[in-house]
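Engineer: with the sequence up front, the predicted model follows.
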Amino acid sequence: TSGTQMFAVRLAQLTRLTVLRSSVRTMTVLKGVPSIIPPKLLYILAQMGHGDELVIADGNFPAESVASTTPGGIVRCDALPIPPLLEAILQLMPLDPTCPPCALMAMMPMHKEAGWKTPVWDEYKQIAHKAEGKPVEFEMVERFSFYERSKKAFAVVATGETAFYANIILKKGIIGKSE
C-alpha cells in the first residue's frame, strides 16, 4: 500500500511539473500578430467561435473568481493597460455586426452623482471604430449583471488597467464572404 501511495504522489508531482513546463512557453514570432498578445490569448482567440465573448478586465475586476467559470480561464496581462491590448485584439478578432458587440460596465449611480468620469470609454469607441472601419455600437450593462455575464464568457483577460469602469466585453463576429 505504501508503495502504491508513493507512486501516486510521484505521479502527481511529475504531472504538475509537466503542466507547469507546458504552460511556460515563449512566443514564436509570427507575421501580423501584435507582440503584445501573449501566446495563451492568441490560442483563446483562435478557439473562440461566433458569438463567444471575451472579457478584458481592469485591475479592480474579480478576474480570478469570474474566470474560474469560463472554458478558456484567465489570461494574465497584469502589466498592460487595456487600450493597446484592445487595439491588438481587434486587429485579430472581428466583432459581431448583428448586435452591440461591445459591452461596458455601467457606472453606479453613486459614482455618477459624485461626478466620476470615464474617458477610457471614448478611447475604446475610437479603437473599435478604427478596427471595424465604421462606428461600433456599445451597450451599458449594470455592474452585477456585467459580473454574471462575464461568468458565461469564453475567457477573462486580467490587465493592470487603473481607469475606473474600464472593463469591456467583446462579442466575436465572423470572417468570410457573403457571396
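Structural biologist: Thanks, I have the structure now.

Engineer: when you work out contacts or count neighbours from here on, use the C-alpha atoms and nothing else.
Structural biologist: Fine.

Engineer: now Asp96: phi and psi?
Structural biologist: phi -70, psi 120 (degrees, to the nearest 10).

Engineer: just give me the neighbour total for Leu41.
Structural biologist: A count of nearby residues for Leu41, using other Cα atoms under 10 Å, gives 20.

Engineer: correct me, but it touches Gly73?
Structural biologist: No - using Cα atoms under 8 Å, Leu41 makes no contact with Gly73, being 10.3 Å away.

Engineer: worst-scoring helix or strand of this protein, pLDDT-wise?
Structural biologist: Ranked by mean pLDDT, DSSP states H and E, the helix or strand of the chain with the weakest confidence is helix 2-23, at a mean of 49.

Engineer: distance from stretch 164-174 to the middle of the chain?
Structural biologist: With Cα atoms, centre = their mean, to the nearest Å as the basis, stretch 164-174 stands 8 Å off its chain's centre.

Engineer: pLDDT of that stretch, averaged?
Structural biologist: Averaging pLDDT along stretch 164-174 yields 97.

Engineer: buried sites along it?
Structural biologist: For stretch 164-174, a neighbour-count test (16 or more other Cα atoms under 10 Å) marks 164-173 as buried.

Engineer: helix or strand for His129, which one?
Structural biologist: Using DSSP states H and E, His129 maps to helix 119-132.

Engineer: nearest to Ala57, of the buried residues of stretch 164-174?
Structural biologist: Taking Cα to Cα as the measure, Ala57 lies nearest Asn167 of these, at 4.6 Å.

Engineer: what ranges do the helices span in the chain?
Structural biologist: Using DSSP state H, the helices of the chain run over residues 2-23, 39-47, 63-67, 82-92, 109-113, 119-132, 143-150.
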